[in-house]
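Asker: Fold the following for me, if possible:
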Amino acid sequence: MTGSFSNFAEMSEEAGRYIRELETWFEDHGRQSKKPWPEINISNKERRLAWVLKAKEIFDRGAKRDEAA
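Answerer: Sure, this is the predicted structure:
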């Protein structure tokens, strides 16, 4: 993720970009790819994806709250 953010909507957008980046990595290097990376790398990326999905959920709730204010 990049520098500072001014609101939750920006944070959510950045999290969405990172999710897409991780999904692309799984397509290219995951278990189902032609040349998968070592299992430790794949499991680390899976944990990172779970973390960023949860963060995006929190950012989305914050963005909705900001819109309502």
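
Asker: Report how many residues lie close to residue 18.
Answerer: 17 (other C-beta atoms under 10 Å). (Each C-beta comes from the backbone N, C-alpha and C, glycine too.)

Asker: Could you list the low-pLDDT ranges of the protein?
Answerer: 1-3 (pLDDT under 70).

Asker: quick one, longest helix in it?
Answerer: Criterion DSSP state H: the longest helix present in the chain is helix 39-68.

Asker: Please identify the buried residues of it?
Answerer: 42, 45, 49, 52, 55-56, 59-60, 63 (16 or more other C-beta atoms under 10 Å).

Asker: If we only consider the residues you listed, which is nearest to residue 12?
Answerer: residue 59 (3.9 Å; C-beta to C-beta).

Asker: so what's that closest one up against?
Answerer: 8-9, 11-12, 15 (C-beta atoms under 8 Å, 6 or more residues apart in numbering).

Asker: Buried subset of these as a ChimeraX selection?
Answerer: Buried subset of these, written as a ChimeraX selection, criterion 16+ other C-beta under 10 Å:
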select :8,9,11,12,15
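
Asker: With secondary structure as added columns, please give the contacts of residue 59 in a markdown table.
Answerer: Shown next, in a markdown table, are the contacts of residue 59 (DSSP: H, G, I helix; E, B strand; the rest coil):
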| residue | secondary structure |
| --- | --- |
| 8 | helix |
| 9 | helix |
| 11 | helix |
| 12 | helix |
| 15 | helix |
